[in-house]
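Chemist: Sharing a sequence plus its predicted fold:
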Amino acid sequence: MKLSLILTVLISVCYQSLPGQAILEGNAPQFANEVLFVRQITNPFTGHSTIIDTLEFDSTGTFHDSIPVQETSWIFINSGLFRITMMLQKEHGYDISLPPKTKKSEADIRNPFFKPVIAHIQVREEFRLDAPGEVYTGNDINTRIFRFDTLISARNQDILQARRLNRQYNSDSLIRKIESHFKKDTSSYFRDYRKYRYGLVRINSRDVGLRYIYDHFLGPGTPPTDNPAYYELFNEMFDEFLFYFSRTPEGKSVNYLVNRAQDARALNDTIMKHPAVPSAGIAEMIILKGIFDIYHQNYYYKEALLRILDTIIAAPVEEIHAEWASGIKQELIKLKIGQQPPDFNLLDAKNVNRTLEDFRGKYVYLDFCTPDNYSCLKEFPFLKAIHDVHQEYLEIVTVMVTEKRQTMTDFMERNDYNWTALFYGNDESLLSNYNVRAYPTSYLIDPEGKLIQSPAPLATEGLEEQLFKIMRARGDL
């Protein structure tokens, strides 16, 4: 503790001129000489995150890093099986404990539906950078949120179980009981956090309507940008809202306004006819969520949905909505024909970093496989035959999803497969960027680096014939 106080004094002096910083420090020998990325969610509808900083560990596992924050910011760190989350406050420091280092299994690595275990960071001490002697131990806000989430999560499971068994569950009584443990807490942030979580309880109990939930738990006021519980409640409240609202008398014009008129403003006004939608800003958020949810479900014309997004990007009700709409559009069209697919930087069999740009000038058949998947194994001999005949103008690139690069290298050499293989490298965004939901998944890219088939046919499903047709149509044959 004395060393911590000394460090706190030094931190206070060094960082008084740097507003918008928080300090993370501690010791985690399991991560010695490693670097973990600190991330922040930047789009509540796509879940997209950005790296805002790093935790760098020395040879003993000790770390001490300053993290840029707003007044309050939620951050998370992906580490193997865990997604570690916590809330940071500006001008505060945190002496934290990290969970054990637990790697993903090879099955987890290959599983495109893998979801990490959510874990709260344990805060041993919290201190103010401008008040070195003000130290919180055991009653900091992260610890209080963890205790509350533990209670509410268990009770939510009870409610869902009761619903499955057609039993009644008094959610009002449950909320009062949980709140009795925290009613003396004076933190306005934590109070709002609890309120949004209670709204989820009422949704799970299905004993009140959307208007009641909005009035008592979600609104009123400007949606906070720094409280993840708000957006969790919002997303649950308005799940598939456009689909169901379009089937009501008030929302019967939704299909016309989307598919024919492509009128974002009129659509916004129509959504506001629902009693749980009190403002144009909330209506616009519903539109953004709805477009992201339904784009691939063929309820509406994709081009019409993209034009509505363009309208919001150009003239949003709230400024932040333009940024969110742009992120949604980028996510939706990233694998659209005519677009440049997401880039990557992966090691090949010779331990050389390769990107898509390296293959510019040739057609690229990009596929995602594993070395022991039966469907992939059936494809590989056909890929070899196609590569041997057409390698002058066609580059076959297989992203091999496996735990070790050596496994990929040995497999390619053992079978005399001589096209380009790239090691997946546990890139946590790669599979989601390419919407890989099964193996194999393939794409065809033209010499200018743009998608021309998305997804592309497999080698056993007429890839060669399709390639000839495309090349003839483009004048390459």
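Modeler: That came through, no problem. Numbering: from 1, shown residues only.
Chemist: And the helices in the stretch 151-300 of the chain, which stretches?
Modeler: Secondary structure of the stretch 151-300 of the chain (DSSP state H, counting those that start in this stretch): helices at 171-179, 188-205, 210-213, 228-237, 241-245, 254-256, 264-271, 280-294.
Chemist: Format those as JSON lines; extra columns: mean neighbour count.
Modeler: Glycine gets a C-beta too; all of them are placed from N, C-alpha and C. As requested, the helices of the stretch 151-300 of the chain are exported to JSON lines (neighbours: other Cβ atoms under 10 Å):
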{"stretch": "helix 171-179", "mean neighbour count": "16"}
{"stretch": "helix 188-205", "mean neighbour count": "19"}
{"stretch": "helix 210-213", "mean neighbour count": "16"}
{"stretch": "helix 228-237", "mean neighbour count": "19"}
{"stretch": "helix 241-245", "mean neighbour count": "18"}
{"stretch": "helix 254-256", "mean neighbour count": "17"}
{"stretch": "helix 264-271", "mean neighbour count": "20"}
{"stretch": "helix 280-294", "mean neighbour count": "22"}
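Chemist: how about those helices in JSON lines, adding mean pLDDT and distance to Gly327?
Modeler: Conversion of these to JSON lines gives the following (pLDDT from 0 to 100; distance: least, Cβ to Cβ, whole Å):
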{"stretch": "helix 171-179", "mean pLDDT": "88", "distance to Gly327": "34"}
{"stretch": "helix 188-205", "mean pLDDT": "92", "distance to Gly327": "22"}
{"stretch": "helix 210-213", "mean pLDDT": "93", "distance to Gly327": "26"}
{"stretch": "helix 228-237", "mean pLDDT": "95", "distance to Gly327": "14"}
{"stretch": "helix 241-245", "mean pLDDT": "93", "distance to Gly327": "19"}
{"stretch": "helix 254-256", "mean pLDDT": "96", "distance to Gly327": "23"}
{"stretch": "helix 264-271", "mean pLDDT": "97", "distance to Gly327": "17"}
{"stretch": "helix 280-294", "mean pLDDT": "96", "distance to Gly327": "9"}
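Chemist: Asp343: which of those is closest?
Modeler: Of all the helices of the stretch 151-300 of the chain, it is helix 280-294 that lies closest to Asp343, at 22.4 Å by Cβ to Cβ.
Chemist: Output the closest one as CSV - backbone C-alpha positions only.
Modeler: Provided in CSV are the C-alpha atoms of helix 280-294 (Å, rounded to 0.1, in the frame of the first residue of the first chain):
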residue,chain,number,x,y,z
ALA,A,280,-37.2,12.0,-33.3
GLY,A,281,-33.9,11.0,-31.8
ILE,A,282,-35.2,7.7,-30.4
ALA,A,283,-37.0,7.0,-33.6
GLU,A,284,-33.8,7.5,-35.6
MET,A,285,-32.0,5.1,-33.2
ILE,A,286,-34.7,2.5,-33.9
ILE,A,287,-34.2,3.0,-37.6
LEU,A,288,-30.5,2.4,-37.3
LYS,A,289,-31.0,-0.7,-35.2
GLY,A,290,-33.7,-2.0,-37.5
ILE,A,291,-31.7,-1.6,-40.6
PHE,A,292,-28.7,-3.4,-39.1
ASP,A,293,-30.9,-6.2,-37.9
ILE,A,294,-33.0,-6.8,-41.0
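Chemist: Show me where the stretch 301-450 of the chain has its strands.
Modeler: Counting by DSSP state E, counting those that start in this stretch, one finds strands in the stretch 301-450 of the chain at the ranges 346-348, 353-354, 363-369, 394-400, 420-423, 441-445.
Chemist: care to break the chain down by domain?
Modeler: As assigned by automatic domain parsing, the chain contains the domains 2-138, 144-237, 241-333, 346-473.
Chemist: just to revisit the earlier point, distance to Tyr136 added to the strands of the stretch 301-450 of the chain, as JSON lines?
Modeler: As requested, these are exported to JSON lines (distance: least, Cβ to Cβ, whole Å):
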{"stretch": "strand 346-348", "distance to Tyr136": "44"}
{"stretch": "strand 353-354", "distance to Tyr136": "45"}
{"stretch": "strand 363-369", "distance to Tyr136": "47"}
{"stretch": "strand 394-400", "distance to Tyr136": "47"}
{"stretch": "strand 420-423", "distance to Tyr136": "45"}
{"stretch": "strand 441-445", "distance to Tyr136": "49"}
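Chemist: who wins for proximity to Asp158 among those?
Modeler: Ranking the strands of the stretch 301-450 of the chain by proximity to Asp158 (Cβ to Cβ) places strand 441-445 first, at 39.4 Å.
Chemist: buried set for stretch 119-137?
Modeler: Judged by neighbour count using 16 or more other Cβ atoms under 10 Å, the buried positions of stretch 119-137 are 119-129, 132, 135-136.
Chemist: Then stretch 380-392?
Modeler: Across stretch 380-392, burial judged by 16+ other Cβ under 10 Å covers 380, 383-384, 386-387, 390.
Chemist: For Asp367, see how far away the closest residue to Tyr439 other than its chain neighbours is.
Modeler: Excluding the flanking residues, the one nearest Tyr439 by Cβ to Cβ, 6 or more residues apart in numbering is Asn373, at 4.6 Å. Distance from Asn373 to Asp367, counting by Cβ to Cβ, to the nearest Å: 11 Å.
Chemist: Many thanks, have a good one.
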